[in-house]
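Engineer: 3D model of this:
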Amino acid sequence: MMTEDEARLLQRARELEASYCALQRQLADVVQEFGLEEMVTLPGDDGPAARRRREILDRLAR
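Structural biologist: Okay, the predicted model is just below:
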């Protein structure tokens, strides 16, 4: 049986996961709307194109 604190923590974890998923969907919509697919670096992507994207994003952030 789950304690009240555990139940609250589980509920909060579910809320945070749902919020995170919603943010990912919004980001994907923005990326698609503005044609930024080539600017997105995927986790673990460290090839020349990924490095170039990071350089461009760093320059834009300044």
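
Engineer: contacts and neighbour counts: CA atoms only from here.
Structural biologist: OK.

Engineer: So what's the gap between the longest helix along the chain and the chain middle?
Structural biologist: Scanning the chain for the helix with the most residues, using DSSP state H, yields helix 4-33. Computed by CA atoms, centre = their mean, to the nearest Å, the separation of helix 4-33 from the middle of its chain amounts to 11 Å.

Engineer: distance of the most centrally placed residue in the chain from Val30?
Structural biologist: Geometric centre of the chain, nearest residue: Gln24, 5.1 Å, by CA atoms, centre = their mean. From Gln24 across to Val30, the span is 10 Å (CA to CA, to the nearest Å).

Engineer: Likewise for Tyr20?
Structural biologist: Distance from Tyr20 to Val30, by CA to CA: 15 Å.

Engineer: Any buried residues in the lowest-mean-pLDDT helix or strand in the chain, and which?
Structural biologist: In the chain, no helix or strand scores lower on mean pLDDT, DSSP states H and E than helix 48-61, which sits at a mean of 76. Using 16 or more other CA atoms under 10 Å as the test for burial, helix 48-61 gives Ala50, Arg54.

Engineer: Grab the CA positions of that helix and hand them over as CSV.
Structural biologist: Taking C-alpha atoms only, helix 48-61 is exported to CSV below (Å, rounded to 0.1, in the frame of the first residue of the first chain):
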residue,chain,number,x,y,z
PRO,A,48,30.4,18.1,-38.2
ALA,A,49,26.8,19.2,-38.9
ALA,A,50,26.0,19.1,-35.2
ARG,A,51,29.1,21.2,-34.4
ARG,A,52,28.2,23.7,-37.1
ARG,A,53,24.6,24.0,-35.7
ARG,A,54,26.0,24.6,-32.2
GLU,A,55,28.3,27.3,-33.6
ILE,A,56,25.4,29.0,-35.3
LEU,A,57,23.2,28.8,-32.3
ASP,A,58,26.0,30.2,-30.0
ARG,A,59,26.5,33.1,-32.4
LEU,A,60,22.7,33.8,-32.5
ALA,A,61,22.6,33.7,-28.7
